[in-house]
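Novice: sequence plus predicted model, see below.
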Amino acid sequence: MQGGGVSGFQNAPVTRAVVLASGLLSIVFSANRRARALGLSYQDIIKNFRVWRIFASGFAFQSTPELMFGLYLLYYFRVFERQIGSNKYSVFSLFTITVSLLLEFLSLVLLKDTNYISTLASGPYGLIFASFIPFFLDIPITSRFRIFGVNFSDKSFIYLAGLQLLLSSWKRSFIPGICGLIAGSLYRLNVLGVRRMKVIRALFSFYISIIQCRLVTSFYVQWTVIEN
């Protein structure tokens, strides 16, 4: 299972759209030296109500290491889209991204009067870390091996990649990662019957298109115009 099944994005259009949007947005903002301004903050989102930042912040990573590990994990977890189907996986991604963002906003509100943290790391942390719940519970270990006397399995490198991403920006990335794990757990517990939900065909097509690369440019232009 280390390769995540069939190579490429066959039967995984939602994953393909997310990876494409995340990669392109990260590169565009990094090239224009705006990546560091993407992080969610109480001042920008809640107080100044700059809600247009949510889309970019939800997909674009702020550094090259985060981008590399993040895209690798997104690509690997496409196996879940193939298992449950693209329609249900779109519900999973919408639910976990939304719940994770709400939890991140809540953490910013609760911590706004402290010096603990003021900005959270950007990127699809919610979807990535929510995927570790079914990865832990549903994907079996198929092989074990030892390196320098330490026991590993074929799942170990996925966990190590996740740990690297979780701690990449320390508190700024740790909180979004934990919010993603909580969101994944809520989906697993079938809160509000979410696991039985399906997206109607028209909305499913719209969801795919809204995160395709043809909208990346329009969101970047809107960001640039408003910020300047």
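Specialist: The structure has been received and is ready for your questions. Numbering: from 1, shown residues only.

Novice: what pLDDT is listed against Thr119?
Specialist: Predicted confidence (pLDDT) for Thr119: 84.

Novice: burial count for the residue nearest to it when sequence neighbours are not counted?
Specialist: Excluding its sequence neighbours, the residue lying closest to Thr119 (CB to CB, 6 or more residues apart in numbering) is Gly39, at 4.0 Å. Using the backbone N, CA and C atoms, a C-beta is placed for each residue, glycine as well. Neighbours of Gly39 under the rule other CB atoms under 10 Å: 21.

Novice: quick one: residues contacting Gly39.
Specialist: 57, 62, 119-122, 172 (CB atoms under 8 Å, 6 or more residues apart in numbering).

Novice: and if you look at Gly184?
Specialist: So Gly184 contacts 96, 129-134 (CB under 8 Å, 6+ apart).

Novice: before we move on, the earlier item: mind checking which of the contacts of Gly39 land in helices?
Specialist: 57, 172 (DSSP state H).

Novice: take the contacts of Gly39 and write them to a markdown table, including neighbour count and distance to Ser107.
Specialist: Formatted as a markdown table, the contacts of Gly39 follow (neighbours: other CB atoms under 10 Å; distance: CB to CB, whole Å):
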| residue | neighbour count | distance to Ser107 |
| --- | --- | --- |
| Ser57 | 26 | 14 |
| Gln62 | 25 | 18 |
| Thr119 | 19 | 11 |
| Leu120 | 27 | 8 |
| Ala121 | 25 | 12 |
| Ser122 | 29 | 15 |
| Arg172 | 17 | 11 |
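
Novice: can you add distance to Leu102 and give the contacts of Gly39 back as JSON lines?
Specialist: Output for these, formatted as JSON lines (distance: CB to CB, whole Å):
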{"residue": "Ser57", "distance to Leu102": "14"}
{"residue": "Gln62", "distance to Leu102": "21"}
{"residue": "Thr119", "distance to Leu102": "17"}
{"residue": "Leu120", "distance to Leu102": "13"}
{"residue": "Ala121", "distance to Leu102": "17"}
{"residue": "Ser122", "distance to Leu102": "16"}
{"residue": "Arg172", "distance to Leu102": "18"}
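
Novice: distance of Tyr75 relative to Trp170?
Specialist: 25 Å (CB to CB, to the nearest Å).

Novice: can you check Ser41 too?
Specialist: Taking CB to CB, one finds Ser41 at 16 Å from Trp170.

Novice: show me which of these two is the more surrounded one.
Specialist: Set side by side, Ser41 and Trp170 show more neighbours around Ser41, with 19 against 11, by other CB under 10 Å.

Novice: can you pull the contacts of the more buried one?
Specialist: Ser41 touches 108, 118-120, counting by CB under 8 Å, 6+ apart.
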